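Trainee: Let me see the structure of the following:
(2 chains, ligands or ions: 2)
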Amino acid sequence: MTQVDVRTPVPARKASPDKRRSRRSATLVVGCVLAGLIALLALVSLIWLPYATDDTSGGRLAGPGGGHLLGTDKLGRDLFTQVMTGSRIAVEAGLGSVLIAAGLGITLGVLAAFAQGWLDDTVSAFLDILIAFPTLLLAMLIVAARSATLGSAVLAIGLAQSAVVARLVRILVKRVLAQDYITAARTSGTSWSRTVVAHVLPNIWPTLVVNLALQFGLAVLAEAGLSYLGLGAPPPNASWGRMLQEAQATFTTAPVGALAPGILLVLLVIGVNLIADGLRDTLDPATRKRRA
Amino acid sequence: MTLLDVRGLTVRTTDGRTLVDDLSFSLARGERLGLIGESGSGKSLTTLAVLGLLPDGMTATGGIELAGTQIVGAPEKRLTAVRGRDAAVVFQEPLTALDPLMRVGRQIAEPLRRRTGLKGAELARAVAFALEQVRLPDPERIARAFPHEISGGQRQRVALAMALACDPKLLIADEPTTALDVSVQAEMLELIDTLVREREMAVLFVSHDLAVVAKVTDRALVLKDGRAVEKGEVRSLVGAPREDYTKALVASARRLESALDLRSTR
Ligand SMILES: Nc1ncnc2c1ncn2[C@@H]1O[C@H](COP(=O)(O)OP(=O)(O)O)[C@@H](O)[C@H]1O
Ligand SMILES: [Mg+2]
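Mentor: Ligands and ions are numbered 1, 2, ... in the order given. Have a look, this model is predicted:
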């Protein structure tokens, strides 16, 4: 799941940069629209919901229309309300996990890149083991230690992803550290900490940010998976995963309950992947708009 | 007064290869020394060792004293203080020696700010002045450009401006013209020569090309497989090379020069 797309320092471009950029930015725009739609649902859910999350006044399994845009579930709760809270949970899960993964992963990765000899080997082995460790098992351990909340799920996903990010960052930083401009900066008396901030991080950023966007999508999927298994946000917070699980039994008679969260989940994941794809070239310095 | 004193410098890899072997030379303030040898003879490693910047997995033994600081075994903090202030480097490949994601002006501003403490508009003026010093036209535009937006010759001038921004006592030029077009090479050599003369800087000039070294320095050291095989006045090295290796270097420089002469008279 880690696509290591390591930038060469000076990417040679065959296709006309302008054409490439416009096609890329189209990807970016579509991605932003899809992800933005769900982000909007999530934001609105913070200030307004059609019904209260525990309002069971609608008829059981009512179809779309009437007072309920998407109908109701088997307890008579409004499905659109649930889809909206689900959007919020999905966005929170994605952001939270990526924040943990980025914070921990970048720090660990940079430190690991500077490690040498046996320490380097130990750190790499440790990261590989952490990556092989199933997220589900980690989530179950954390839920056992704490409780089944969105926070536990995000913590588990974030921790699992930070190992992936750390391994990527370690490789990227090592690659940048071997570049001449790092030696050049060092020969002019730039300290290590300054070198990392001014030269290393900006140069790994384009690749890293694309990977973080992909991790966001993966985190959303992982959270849906965990709450499908009951390891995510507890009721009455309707995560998309929980909605899918609850609508499973009645799928043939009332498909909307499963279709709605399923479609939104796919749209969000496709959206962030398109964004990642669009960012890949937009952040490329050689194709970036000439401002000189 | 001695600025750089290298005594028995030996560079070894962890797997036991000796890349620089018992090398000794010294350089007074304002003096110029050439370091000649074919590719892979250990020239670049010698210059990196002088600044305590050997690649991972290599260790230096022997003595290197730069402006009164013992480099071998010195803690990182002391080395950081020495770098730039006492010696700065211009590298062979100007494209890779500049950060591709940082505007050229900021890359020069960095060492300038450290040395002078200037900020804001004053720093920007100092950057423009530094670019003017290396004869770059339209310094404001160049300062705003990314490295890939300027030509190879311009990049090497930027790299030179970066090295000079620290106002070092010693300028180390590691094959500064090798990556440049022949038409730009002569200009670059002349620029280095002039700027260094104005500043009374010492120069350690590294090249595989005897003809290039002869244009800049008076004394030279011939390096082969990490060992010094001959040293002396460039003039006498060229006129009466004693070692076979030096003879070969002289001959290849001759061949090249005559080939170039032939072409220019045609
Ligand atoms: N990072 C490195 N790791 C291992 N060997 C190296 C490294 N850098 C240089 N060498 C070896 O050290 C020798 C001298 O290299 P160098 O000083 O770069 O030569 P020159 O600058 O004279 O062309 C070469 O044989 C080269 O293969
Ligand atoms: Mg070299």
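Trainee: Give me the contact list for stretch B:32-42.
Mentor: B:11, B:19-20, B:23, B:25, B:27, B:43, B:46-47, B:196, B:202-210, B:213-214, B:216-226, B:234, B:249 (CB atoms under 8 Å, 6 or more residues apart in numbering or on different chains). For the C-beta atoms, the positions are set from N, CA and C on the backbone; glycine is no exception.
Trainee: And stretch A:53-61, by the same measure?
Mentor: A:51, A:67-68, A:71-78, A:81-82, A:85, A:236-238, A:250, A:253-254, A:257.
Trainee: Go again with 6 Å.
Mentor: Outside stretch A:53-61, the residues that touch it by CB atoms under 6 Å, 6 or more residues apart in numbering or on different chains are A:68, A:72, A:74-78, A:85, A:236, A:254.
Trainee: C-alpha coordinates for that stretch, PDB please?
Mentor: C-alpha atoms of stretch A:53-61 as PDB (Å, rounded to 0.1, in the frame of the first residue of the first chain):
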ATOM      1  CA  THR A  53     -29.400  11.200  15.900                       C
ATOM      2  CA  ASP A  54     -31.600   9.300  18.400                       C
ATOM      3  CA  ASP A  55     -34.900  10.400  17.000                       C
ATOM      4  CA  THR A  56     -36.800   7.100  16.200                       C
ATOM      5  CA  SER A  57     -40.100   8.800  15.300                       C
ATOM      6  CA  GLY A  58     -40.100   7.800  11.600                       C
ATOM      7  CA  GLY A  59     -41.700   4.600  10.600                       C
ATOM      8  CA  ARG A  60     -39.500   1.500  10.400                       C
ATOM      9  CA  LEU A  61     -37.600   1.100   7.100                       C
END
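Trainee: re the thing from before, contacting ligand 1 as well, which ones from the contacts of stretch B:32-42?
Mentor: The subset of these within reach of ligand 1, counting by CB under 6 Å from any ligand atom, consists of B:19, B:43.
Trainee: which of the contacts of stretch B:32-42 are buried?
Mentor: The neighbour-count criterion (16 or more other CB atoms under 10 Å in any protein chain shown) marks B:11, B:19-20, B:23, B:25, B:27, B:43, B:46-47, B:196, B:202-210, B:213-214, B:216-217, B:219-224, B:226, B:234, B:249 among the contacts of stretch B:32-42 as buried.
Trainee: In strands only, show me those.
Mentor: Secondary structure from DSSP state E places B:11, B:19-20, B:23, B:25, B:27, B:202-207, B:219-224 of these in strands.
Trainee: Regarding A:L49, what are the backbone dihedral angles?
Mentor: Backbone geometry at A:L49, expressed as degrees, to the nearest 10, gives phi -130, psi 150.
Trainee: What is the neighbour count of the residue lying closest to it once chain neighbours are set aside?
Mentor: Nearest in space to A:L49, with sequence neighbours left out and distances taken as CB to CB, 6 or more residues apart in numbering or on different chains, is A:T81 at 5.0 Å. A:T81: 25 surrounding residues under other CB atoms under 10 Å in any protein chain shown.
Trainee: do A:R167 as well
Mentor: Look at A:R167: counted by other CB under 10 Å, it has 22 neighbours.
Trainee: do B:R114 as well
Mentor: By other CB under 10 Å, the residues close to B:R114 number 18.
Trainee: which SS state does B:E230 fall under?
Mentor: For B:E230, the secondary structure call by DSSP: H, G, I helix; E, B strand; the rest coil comes out as strand.
Trainee: and it, bridged to which residues?
Mentor: Listed beta-bridge partners, B:E230: B:V222 (assigned using DSSP bridges).
Trainee: how near is A:A260 to chain B?
Mentor: As judged by CB to the nearest CB, to the nearest Å, A:A260 and chain B stand 43 Å apart.
Trainee: Shouldn't that residue be within a helix?
Mentor: Yes - checked against three-state DSSP, A:A260 lies within a helix.
Trainee: surely B:T47 meets B:A173?
Mentor: No - B:T47 is not in contact with B:A173 according to CB atoms under 6 Å; the separation is 8.9 Å.
Trainee: re earlier: can you flag which of the contacts of stretch A:53-61 belong to helices?
Mentor: Among those, the residues falling in helices (DSSP state H) are A:T85.
Trainee: The nearest residue to B:A211 once chain neighbours are set aside: which element?
Mentor: Distances taken as CB to CB, 6+ apart put B:A253 closest to B:A211, at 4.5 Å, once the chain neighbours are dropped. Assigned by DSSP states H and E, B:A253 belongs to helix B:244-265.
Trainee: any idea of the pLDDT on the residue in chain A positioned nearest to ligand 1?
Mentor: Ligand 1 sits closest to A:A178 of chain A, with a gap of 8.4 Å, by CB to the nearest ligand atom. Listed pLDDT for A:A178 reads 90.
Trainee: residue contacts, the residue nearest the centre of chain B?
Mentor: Centroid check for chain B by CA atoms, centre = their mean gives B:A173 as the closest residue, at 1.2 Å. Shown in contact with B:A173 (CB under 6 Å, 6+ apart): B:90, B:205.
Trainee: Please apply the same query to B:T59.
Mentor: For B:T59, the contact set (CB under 6 Å, 6+ apart) comprises B:R12.
Trainee: could you check whether stretch B:132-147 is close to chain A?
Mentor: Yes - counting by CB under 6 Å from any CB of the partner chain, chain A is contacted by stretch B:132-147 at B:144-146.
Trainee: Tell me, please, where in the stretch 1-150 of chain B the pLDDT is lower than the cut-off.
Mentor: Within the stretch 1-150 of chain B, no stretch falls below the threshold (pLDDT under 70).
Trainee: Now do the strands in it.
Mentor: B:2-13, B:18-28, B:32-36, B:58-66, B:69-70, B:87-90 (DSSP state E, counting those that start in this stretch).
Trainee: Can you lay out those strands as JSON lines showing distance to A:A39?
Mentor: Output for these, formatted as JSON lines (distance: least, CB to CB, whole Å):
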{"stretch": "strand B:2-13", "distance to A:A39": "54"}
{"stretch": "strand B:18-28", "distance to A:A39": "56"}
{"stretch": "strand B:32-36", "distance to A:A39": "60"}
{"stretch": "strand B:58-66", "distance to A:A39": "51"}
{"stretch": "strand B:69-70", "distance to A:A39": "56"}
{"stretch": "strand B:87-90", "distance to A:A39": "49"}
